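Enquirer: Structural data only, the sequence is not supplied:
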């Protein structure tokens, strides 16, 4: 897919999915402006993009600050000469039973996952309206369809993002050149768990079968030429959605049972706020760095798959 000179802005570009997406666009000759809190991470991704054949500039910005995001959008437009696609990818989480984590961490999670994306849209939509074209890609997750126990604030933010996108699509209905595209991946092998606040007492790690960030990046790149409202990445994402429709709370209840079991058996670790309030020092890269997931996490996967199958069966009967 050739996207030579396609003008792309990525927020939350310093690691994980954002970094992988930047490299994927760069490989196709796109021009990029990358935003995040951490300069070291941004510089690393800019280097990767230039090595891949693209043109990239980095601007340090705190996406929670609406005025800063508005200024960032003006700078990005000046650098690129316009904006064809804006990818809102900032995200964070606090893991643990809701009552066990401080309220300020729950608030910060909502600000990071929901308000940053709203700030992005508020900054770029006037540019799109003036151009009469543009694609806003909203990174959500399968958590936007199925609530995640041990991540109540995260679930609230993701459900909120889905509603926000639906409202924007309705408002822009008569502007066919402007698209609002949601992306719903399942677990992705990024540094995200390392960045999360953790109040479980257990070391966080990914379950078997996680997606690679590059897979999600390719889904975002496809939206540049074929925008559509909803993109589910990974087979379980669609199954979760169907199951939750057929039997609300079934998957969440199963996940809670599996997570309770995991939290009792996993390697112990002290509580941490992760990168919730400040970026980590140095580059974070694209992947988590885990070579293999611990055996105890397989219970979560088995439980969710079984409950998903049951839910699809109920849906078919209905």
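Expert: Alright, I've got the coordinates. What you see is a predicted model; the values in this text were computed from it and never measured. Numbers count the residues shown, from 1 in each chain.

Enquirer: going forward, measure contacts and count neighbours with C-alpha atoms only.
Expert: OK.

Enquirer: What are the boundaries of the helices in the stretch 51-200 of the chain?
Expert: For the stretch 51-200 of the chain, the helices defined by DSSP state H, counting those that start in this stretch cover 66-80, 103-110, 116-131, 152-171, 192-195.

Enquirer: What is the shortest one packed up against?
Expert: For helix 192-195, there is no helix or strand it packs on, judged by 3 or more C-alpha pairs under 8 Å, 6 or more residues apart in numbering; DSSP states H and E.

Enquirer: And for that helix, what's in contact with it?
Expert: Contact with helix 192-195 is made by 16, 92-93, 204-206, 274-276, 280, 288, as judged by C-alpha atoms under 8 Å, 6 or more residues apart in numbering.

Enquirer: what does stretch 101-121 give?
Expert: In contact with stretch 101-121 (C-alpha under 8 Å, 6+ apart) are residues 63-66, 69-70, 88-95, 136, 138, 153-154, 156-158, 160-161, 197, 199, 273, 276-277.

Enquirer: Distance from that stretch to the middle of the chain?
Expert: Distance of stretch 101-121 from its chain centroid, counting by C-alpha atoms, centre = their mean, to the nearest Å, is 13 Å.

Enquirer: Pull out the buried residues from it.
Expert: Neighbour-count burial for stretch 101-121, counted by 16 or more other C-alpha atoms under 10 Å, picks out 101, 105-106, 108-121.

Enquirer: Quick one: mean pLDDT for it?
Expert: For stretch 101-121, mean pLDDT is 98.

Enquirer: Spell out the secondary structure type for residue 32.
Expert: strand (DSSP: H, G, I helix; E, B strand; the rest coil).

Enquirer: any idea how far it lies from residue 197?
Expert: Distance from residue 32 to residue 197, counting by C-alpha to C-alpha, to the nearest Å: 30 Å.

Enquirer: and if you look at residue 271?
Expert: Per C-alpha to C-alpha, residue 271 is found 8 Å from residue 197.

Enquirer: In terms of neighbours, single out the busier of those two.
Expert: Neighbours per residue (other C-alpha atoms under 10 Å) separate residue 271 from residue 197, with residue 197 holding more: 23 against 16.

Enquirer: right, and that one touches residue 97 too?
Expert: No. Applying C-alpha atoms under 8 Å, one finds residue 197 not in contact with residue 97, separated by 11.9 Å.

Enquirer: Is residue 8 bridged to anything, and to what?
Expert: Going by DSSP bridges, residue 8 is paired in beta bridges with residue 32, residue 85.

Enquirer: Show the contacting residues for it.
Expert: By C-alpha under 8 Å, 6+ apart, residue 8 lies in contact with 30-33, 83-87.

Enquirer: So what's the residue count around residue 265?
Expert: Residue 265: 12 surrounding residues under other C-alpha under 10 Å.

Enquirer: Could you check how far it is from residue 202?
Expert: For residue 265, the distance to residue 202 - C-alpha to C-alpha - is 8 Å.

Enquirer: would you turn the contacts of residue 8 into JSON lines with distance to residue 9 and pLDDT?
Expert: Below are the contacts of residue 8 laid out as JSON lines (distance: C-alpha to C-alpha, whole Å; pLDDT from 0 to 100):
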{"residue": "30", "distance to residue 9": "10", "pLDDT": "97"}
{"residue": "31", "distance to residue 9": "9", "pLDDT": "97"}
{"residue": "32", "distance to residue 9": "6", "pLDDT": "98"}
{"residue": "33", "distance to residue 9": "5", "pLDDT": "98"}
{"residue": "83", "distance to residue 9": "7", "pLDDT": "98"}
{"residue": "84", "distance to residue 9": "8", "pLDDT": "98"}
{"residue": "85", "distance to residue 9": "6", "pLDDT": "98"}
{"residue": "86", "distance to residue 9": "5", "pLDDT": "99"}
{"residue": "87", "distance to residue 9": "6", "pLDDT": "98"}
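
Enquirer: For the contacts of helix 192-195, name the two members farthest from one another.
Expert: The distance between the two most remote of the contacts of helix 192-195 (C-alpha to C-alpha) is 19.8 Å, for 206 and 280.

Enquirer: Which one's more surrounded, the two?
Expert: Using other C-alpha under 10 Å, the more surrounded residue of residue 206 and residue 280 is residue 206, with 19 against 16.

Enquirer: re the thing from before, just the buried ones from the contacts of stretch 101-121, in ChimeraX syntax?
Expert: Remark: buried members of the contacts of stretch 101-121, expressed as a ChimeraX selection using 16+ other C-alpha under 10 Å:
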select :63,64,66,69,70,88,89,90,91,92,93,94,95,136,138,153,154,156,157,158,160,161,197,199,273,276
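
Enquirer: Which residue ranges of the protein form strands?
Expert: Along the chain, the stretches classed as strands by DSSP state E are 7-11, 31-36, 55-60, 85-88, 94-95, 134-139, 178-185, 197-198, 230-233.

Enquirer: quick check: mean pLDDT across the first one?
Expert: The reference is to strand 7-11. pLDDT averaged over strand 7-11 gives 98.

Enquirer: Show me the shaky parts of the stretch 151-300 of the chain.
Expert: Scanning the stretch 151-300 of the chain for pLDDT under 70 picks out 236-238, 240-241, 243-245, 291-300.
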